[in-house]
Structures are given as C-alpha cells and as structure tokens.
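Chemist: what shape does this take:
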Amino acid sequence: MLSKGEQAFIAQGIEHDVRMDGRTCNEIREIRLSVESGRDENAKYPADASCRLVCGGTDILVGVSVNLETPAASAPTECPISVEFDVAAAHVADTDDAVKAFREALVRDVITSSGAIDTSSPLLCPVPYVKAWAIFIDVVVFSLDGGLLDLTSVALKAALSRTAIPATTVTDDTVVIDASAPSTPLPGIERLPVLATVGKYGTALAVDLDQAEEHAGHSFLAVAVSPGDDVSFTRSFGDHGIALDDIPAMISAAQDVARRTEAVLDTAVSG
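Modeler: Numbers count the residues shown, from 1 in each chain. Prediction:
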C-alpha cells in the first residue's frame, strides 16, 4: 500500500502530465496478445478459445468455454454467462465480495450491454427453458500492475472472436450435438465494446492506469466503447464522486483509448 505522501506525489505528477513510468497522461502501454482456438493443433490451454495478454506488469489469460446447460430459471430464454477471476497467482488479496461481484458484473455487461451478441438466439438457446449454450469465462491473473478490467475486456473480445458453437440437432426438445457438422463462430463479436477507465487527479485526466496510479486516485470512470465510438455504458467508482461537467471529457478520453486498443485487437485477431 502507498503512503498518503506517495499517493499525493503520484497525483501531483499526473497533474503536471508526468507519470512515474515516463508516460504522458494520454499514453497507453504496449499491449501484446496471443490468441488461440481450442481446435488448434498446438493449443496450449484447456478452453474452447483463449487469449494471453501482457501489458506492462499485468499478465492475464482469458479462457472461454461453452457447454450445453439448463438455462437459469430467472432467464429461461437466454444463454447463461459465468465469469470467474483467479488472482491467486498474482498474490492479490481478493476477499472483498463486493469488489468481486462488481468485477464479474462489469465483464458480463460488456457482453450483454451492446446487444452485439444475441443471447436469446436459436444458436445460443436452441430450446428455451430446456437447453442453452452456457458461456464460461475464466480470467487467470498471473501478475497485476493495473488495468485489470480494461485489459480483461480486450482479451475477452479476442478470445470470443475464436469461439465457435457446436452444431446441434433438436428433436422433441432434446438437443444433441452433431459432431459431424461444422461449428458456428459467435456472430457479432466485432461490435463488442472494450472498457477504458479514466482517472481524475485534480484537474487532470489519465488513462491506462498502473497499480500505483489506481491507489493514488479517488475518482474513476469505466467506459464501454464499441467500434464507431458508441458508448454502451459507463460505471463510476472510487472514494470521490465525479462532477457532471467532467464526464464528457472523460468519455472522450476513453473513446480515444478504445480506438487505439481496437487497432491492436484487429492486428492480433487477423494475424
């Protein structure tokens, strides 16, 4: 944990457009992605699709798996979406249930908020009330130096771009996987948003925050931005509130980050 003096030093530096790692307030760190399908001959990870992402000192793996399940009673016509974070390898204390719930809900919202993926489609819910393809998202954090939610959204979009739904046949509400037919790639992934979090330090805004900057800040806005600068949702958090007058500039900063992040994603996914 940082002392109050260290926090003040970091915040004052940001106000003068100087950060501890030499970046300016609107600079982002290099993002490196490795994307694979579970169908690949040399697949490394036990998932239907995965993405390993490294950015600064943050190193995560997002795995996506699909399985036929009974839909939830509360949403019987939709495919269930489960999100689980494993931060043990990064030696991060993770005992606050409210923080875990916020983190998992935010990742689910990335999938559902934009409408890019139709969770009630016949592809994902072949027999409403009976069978649907559940999407399991597992996030393993190997090391953490800030940006966990933003980077998870980037790796998730990359992994979902390689996720395919097995073909099925339906007879009298019975669903059988047809292994002889080709799987169907998840449609709409290109329209999914990515998260970009903006921190406010005095009168200055900073993006792609490292862990020390997250500890030194008090007001943050996470913005889900789809291609074309469309904003799917925003979530504010931190010890202090955000003035309404600050929100447009924070959203604009997030949109700029999302455009640059999407360019990295496009290269990784098409490569």
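Chemist: residue boundaries of the helices in the chain?
Modeler: Assigned by DSSP state H, the chain shows helices spanning 4-15, 97-112, 148-160, 211-216, 247-270.
Chemist: mind listing what's buried along the second one?
Modeler: Residues of helix 97-112 classed as buried under the neighbour-count rule (16 or more other Cβ atoms under 10 Å) are R103, E104, L106, V107, D109, V110, I111. Using the backbone N, CA and C atoms, a C-beta is placed for each residue, glycine as well.
Chemist: with the last one instead?
Modeler: Going by neighbour count (16+ other Cβ under 10 Å), the buried part of helix 247-270 is 250-251, 253-258, 260-262, 264-265, 268-269.
Chemist: let me see the contact set for the closest residue to D145 other than its chain neighbours.
Modeler: Computed as Cβ to Cβ, 6 or more residues apart in numbering, the closest residue to D145 that is not its neighbour in sequence is G57, at 3.0 Å. By Cβ atoms under 8 Å, 6 or more residues apart in numbering, G57 lies in contact with S143, L144, D145, G146, D210, Q211.
Chemist: kindly report the same for T112.
Modeler: So T112 contacts I81, T119 (Cβ under 8 Å, 6+ apart).
Chemist: how many residues are close by the nearest residue to H215 once chain neighbours are set aside?
Modeler: Excluding its sequence neighbours, the residue lying closest to H215 (Cβ to Cβ, 6+ apart) is L2, at 4.9 Å. By other Cβ atoms under 10 Å, 15 other residues sit near L2.
Chemist: and for P46?
Modeler: 10.
Chemist: now R19
Modeler: By other Cβ under 10 Å, the burial measure for R19, its neighbour count, is 19.
Chemist: residue contacts, it?
Modeler: I10, G13, C25, E27, A206, E213 are the contacts of R19 under Cβ under 8 Å, 6+ apart.
Chemist: just put the residues you listed in JSON lines and tack on pLDDT.
Modeler: Shown next, in JSON lines, are the contacts of R19 (pLDDT from 0 to 100):
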{"residue": "I10", "pLDDT": "95"}
{"residue": "G13", "pLDDT": "95"}
{"residue": "C25", "pLDDT": "97"}
{"residue": "E27", "pLDDT": "97"}
{"residue": "A206", "pLDDT": "97"}
{"residue": "E213", "pLDDT": "96"}
